[in-house]
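Colleague: take this sequence and fold it.
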Amino acid sequence: MDLDARLHLLESCHDWQGLVEELREAITREADPRRQAQLHLRLARVLSRHFLQGARALKHFQDAFKLDSTLGEALTEARGIYWELGKLGMVKRLLELQIQRASSQAEMAPLLIELGDVATDQGELEVADQAYQRAIEAAGADAVEANERLRDLRVDANDWRDRVQAIQEHARTADPVERATSLVRAARVARRVSAEDADQLLEQAYSADPMRDDTASLYEGLLVSQAQEARVVQTQRDLIQATQDPNRQAELALRFGARWGHRHKKPQIAAEFGEETLRHQPRNEAAFALLCDVYGSHFGDWSKVVGLADTLGSQLPPPDAAFYLANAAAVAQQELGDPAKAQTFYERLAQIAPEHTALARRNNGTAVKRINGVSVIPQRNDAARSSSRPAEARPAPVNSSVPPASQNEDVARPAASEPAAIEPASEPPRNEISGSAASRSEPPPRQSSLPPAASTAASASGRPVSGSQPPQSAPPQTLDPAAVHALREQLAKQESQNRVHEVVKTLVALGDAVPDHEERILFYARAADLYANKFMNQAEAVKANEKIFALDPTNATAREYLRQMYEKRRDWEKLVRLRQCDSARA
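Modeller: Residues are numbered from 1 along each chain as shown. Next up, the predicted model:
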């Protein structure tokens, strides 16, 4: 069977995980750069659309464009992901790249208008002014929209209210999409003078079209930054209830849930909207992927994932039920360690879809080695699981998606620094986090859940080799006093500005850097508390507590937290090592 036929078969079975694996292998085999670029583009779309893993997809959009700079759609789709993540800086950089490569004035004009809008939202008014002027020149006789944007930008404190009222008057008779466009324009005018008026206009724009990228970025970003999540949730629920079309209700709920998980790092809210999506549209596989990430990868409740898949598989007709039964089987086998339960799901799958690719791989003996036969199987972010499948094939937890470059982030991990903009190059694609050259056939490595000095060797199956030693305390990084002082000043500034997502990373950096044993523990303890209780990011909280335990095995708080988390994750190797440390002390 040739590649196209295999890919078609996997798609027909909705075996998205198998499709990811097949595409990855095809990329490593393909010698022609243009064909390889198409495979990267296809893989990126599978990850973003079926797994809701936009952050993970960005790497493949980037590789596709580097291999074939004619693939402008890779830049466009990557830009859409950055909009969803609220990464306006990266939106701006990709727009600039697309403008440079535009083949005509007509193609360039709308990109320049969007660039002006993004620059306005970032407070770069001079950049916005230049972009709108260039858009007017590019559009020529069709420059009405660019002219209006430029007029919006140049109003002053004396006439801004008249301008806002004129825009609102136009919006009253427009369709929802155009009304949202006009109201966002009005909000951009008002926010330079009156924050209260701008907030009201943004809420009206959001209600008119909550799917619009810039509206969502501004409205949700503003209220979440003010800790008004409940207000956003209520607005979203009102919008869902306002429509009677179940498909539209599902579309809205899924988009809201994905934003809460990936951008705002609120897994519980993400789960609520994921559940609502499935109530309106039980066949929605992407919503199931979202709930797998939250229930399983984040909260560690894989039994709930199996129960959900079982319920949906029982309710739906055979073509749709097969997807859920395959997932239930794989989760029961891989996460619950219950082959008997998995067997019951495989038997049910065989009855309704005997040609399903999950069964074929299981019969070939590969199902245990890697989860190829199912469509969506997120993994826990720990050392035992992380090496059992390639990174691209393991859907990252919900936050990954999360800022774009951090492909290994959990649902509530703080934002990482933004990667470099996608640019074509003859050299191998570069890692988006470090910028180092990387092989196209190998994904960037996942970080171990153990601290550096405690990382264990891994067997070929991905599980730690037995007999690994307990974590040992790693010496602090060799930073000169001036560098440590700079970190302390950075922490003070971040705390004064309530930039908690940055504070937690600086706390860990200081814990790694300061020489004093007790002070290291204090920094790690503060970071662990933020990760566990502020961000609900248990994976990172585990890492911080492991650093504490490596420094002080008598620390009861860290030891008890790790015991509970290892038991919850069924991470028996680490639990055994923890108990061995207790026995040794006794």
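
Colleague: if I look at residue 202, how far off is residue 90?
Modeller: 22 Å (Cβ to Cβ, to the nearest Å). C-beta: built from backbone N, CA, C; applies to glycine.

Colleague: pLDDT weak spots in the protein?
Modeller: Applying pLDDT under 70 to the chain flags the ranges 363-479, 585-586.

Colleague: and the closest residue to residue 239 other than its chain neighbours, which of the three is it?
Modeller: Nearest residue to residue 239, sequence neighbours excluded (Cβ to Cβ, 6 or more residues apart in numbering): residue 210, at 5.6 Å. Following DSSP: H, G, I helix; E, B strand; the rest coil, the label given to residue 210 is coil.

Colleague: tell me who's in contact with residue 210.
Modeller: Applying Cβ atoms under 8 Å, 6 or more residues apart in numbering, we find residue 210 in contact with 216, 236, 239, 252, 255-256.

Colleague: if we go to 10 Å?
Modeller: 176, 180, 216, 219-220, 235-236, 239-240, 252, 255-256, 259 (Cβ atoms under 10 Å, 6 or more residues apart in numbering).

Colleague: may I see the ChimeraX selection of the buried members of those residues?
Modeller: In ChimeraX syntax, the buried subset of these is picked out as below (16 or more other Cβ atoms under 10 Å):
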select :180,216,219,220,235,236,239,240,252,255,256,259
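
Colleague: part of a strand, is residue 31?
Modeller: No: judged by three-state DSSP, residue 31 forms no part of a strand; its state is coil.

Colleague: phi, psi of it?
Modeller: Main-chain torsions, residue 31, degrees, to the nearest 10: phi -100, psi -30.

Colleague: and for residue 42?
Modeller: Per degrees, to the nearest 10, the backbone of residue 42 is at phi -70, psi -40.

Colleague: contacts only, for it.
Modeller: Contacts of residue 42 (Cβ under 10 Å, 6+ apart): 7, 19, 23, 26-27, 60, 64.

Colleague: same check on residue 353?
Modeller: 13-14, 318-319, 321-323, 325-326, 359.

Colleague: widest-spaced pair of these?
Modeller: By the measure Cβ to Cβ, 319 and 359 form the most distant pair in those, at 15.2 Å.

Colleague: so these two - more neighbours on which side?
Modeller: Using other Cβ atoms under 10 Å as the criterion, residue 319 and residue 359 rank with residue 359 on top: 21 against 13.

Colleague: the more buried one contacts residue 329, correct?
Modeller: Yes: with contact defined as Cβ atoms under 10 Å, residue 359 counts as touching residue 329 (9.3 Å).

Colleague: helix or strand right after whichever strand or helix holds residue 251?
Modeller: Using DSSP states H and E, residue 251 maps to helix 246-262. Using DSSP H and E, the helix or strand that follows helix 246-262 towards the C-terminus is helix 267-280.

Colleague: pull out the buried positions in that next one.
Modeller: Residues of helix 267-280 classed as buried under the neighbour-count rule (16+ other Cβ under 10 Å) are 267, 269-278, 280.

Colleague: next, residue 156: secondary structure please.
Modeller: Applying three-state DSSP: residue 156 is coil.

Colleague: could you report the neighbour count for it?
Modeller: Residue 156, neighbours per other Cβ under 10 Å, totals 9.

Colleague: show me where the stretch 451-586 of the chain has its helices.
Modeller: 481-496, 500-513, 517-529, 538-551, 556-569, 572-585 (DSSP state H, counting those that start in this stretch).

Colleague: returning to what we had before: now go through the contacts of residue 42 and say which are in strands.
Modeller: Using DSSP state E to define strands, no part of the contacts of residue 42 is located there.

Colleague: give me the buried subset of those residues.
Modeller: Using 16+ other Cβ under 10 Å as the burial test, these include 7, 19, 23, 26-27, 60, 64 as buried.

Colleague: and these, which is closest to residue 48?
Modeller: For the buried ones among the contacts of residue 42, the nearest to residue 48 is residue 60 (9.1 Å; Cβ to Cβ).

Colleague: circling back: of the buried ones among the contacts of residue 42, which belong to helices?
Modeller: 7, 19, 23, 26-27, 60, 64 (DSSP state H).

Colleague: distance to residue 507 for those residues - can I get that in JSON lines?
Modeller: Formatted as JSON lines, these follow (distance: Cβ to Cβ, whole Å):
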{"residue": "7", "distance to residue 507": "46"}
{"residue": "19", "distance to residue 507": "40"}
{"residue": "23", "distance to residue 507": "39"}
{"residue": "26", "distance to residue 507": "43"}
{"residue": "27", "distance to residue 507": "39"}
{"residue": "60", "distance to residue 507": "33"}
{"residue": "64", "distance to residue 507": "38"}
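
Colleague: out of those, flag the one nearest to residue 528.
Modeller: residue 60 (33.7 Å).

Colleague: let me know whether that closest one touches residue 44 as I believe.
Modeller: Yes: using Cβ under 10 Å, residue 60 is in contact with residue 44, at 3.7 Å.

Colleague: about what we covered before: out of the helices of the stretch 451-586 of the chain, which one sits most buried?
Modeller: Greatest average neighbour count among these goes to helix 538-551 (a mean of 25), per mean count of other Cβ atoms under 10 Å.

Colleague: may I have that helix exported as PDB, CA atoms only?
Modeller: What follows is helix 538-551, C-alpha atoms only, in PDB (Å, rounded to 0.1, in the frame of the first residue of the first chain):
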ATOM      1  CA  GLN A 538       0.800  19.800  39.100                       C
ATOM      2  CA  ALA A 539       3.600  18.700  36.700                       C
ATOM      3  CA  GLU A 540       5.700  21.700  37.400                       C
ATOM      4  CA  ALA A 541       4.800  21.600  41.100                       C
ATOM      5  CA  VAL A 542       6.200  18.100  41.200                       C
ATOM      6  CA  LYS A 543       9.400  19.300  39.600                       C
ATOM      7  CA  ALA A 544       9.800  22.000  42.200                       C
ATOM      8  CA  ASN A 545       9.100  19.700  45.100                       C
ATOM      9  CA  GLU A 546      11.500  17.100  43.700                       C
ATOM     10  CA  LYS A 547      14.200  19.800  43.800                       C
ATOM     11  CA  ILE A 548      13.300  20.500  47.500                       C
ATOM     12  CA  PHE A 549      13.400  16.800  48.300                       C
ATOM     13  CA  ALA A 550      16.800  16.400  46.600                       C
ATOM     14  CA  LEU A 551      18.100  19.200  48.900                       C
END
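
Colleague: thinking again about what came up before, in TSV, list the helices of the stretch 451-586 of the chain along with distance to residue 143.
Modeller: Output for those, formatted as TSV (distance: least, Cβ to Cβ, whole Å):
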stretch	distance to residue 143
helix 481-496	43
helix 500-513	40
helix 517-529	52
helix 538-551	49
helix 556-569	58
helix 572-585	63
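
Colleague: please identify which of those is closest to residue 100.
Modeller: Nearest of these (Cβ to Cβ): helix 500-513, 31.6 Å.

Colleague: I'd like to check the angle between that closest one and helix 517-529, please.
Modeller: Between the axes of helix 500-513 and helix 517-529, defined by axes from the mean of the first three to the mean of the last three Cα atoms, to 10 degrees, the angle is 150 degrees.

Colleague: just give me how far helix 500-513 sits from the chain centre.
Modeller: How far helix 500-513 lies from its chain's middle: 22 Å, per Cα atoms, centre = their mean, to the nearest Å.

Colleague: report how many residues lie close to the closest residue to residue 36 other than its chain neighbours.
Modeller: Closest residue to residue 36 in three dimensions, ignoring its sequence neighbours and counting by Cβ to Cβ, 6+ apart: residue 30, at 4.4 Å. Using other Cβ under 10 Å, residue 30 has 18 neighbouring residues.

Colleague: so what's residue 30 up against?
Modeller: 3, 36-40, 67, 440.

Colleague: so which of the residues you listed belong to helices?
Modeller: Per DSSP H, those map to helices at 3, 36-40, 67.
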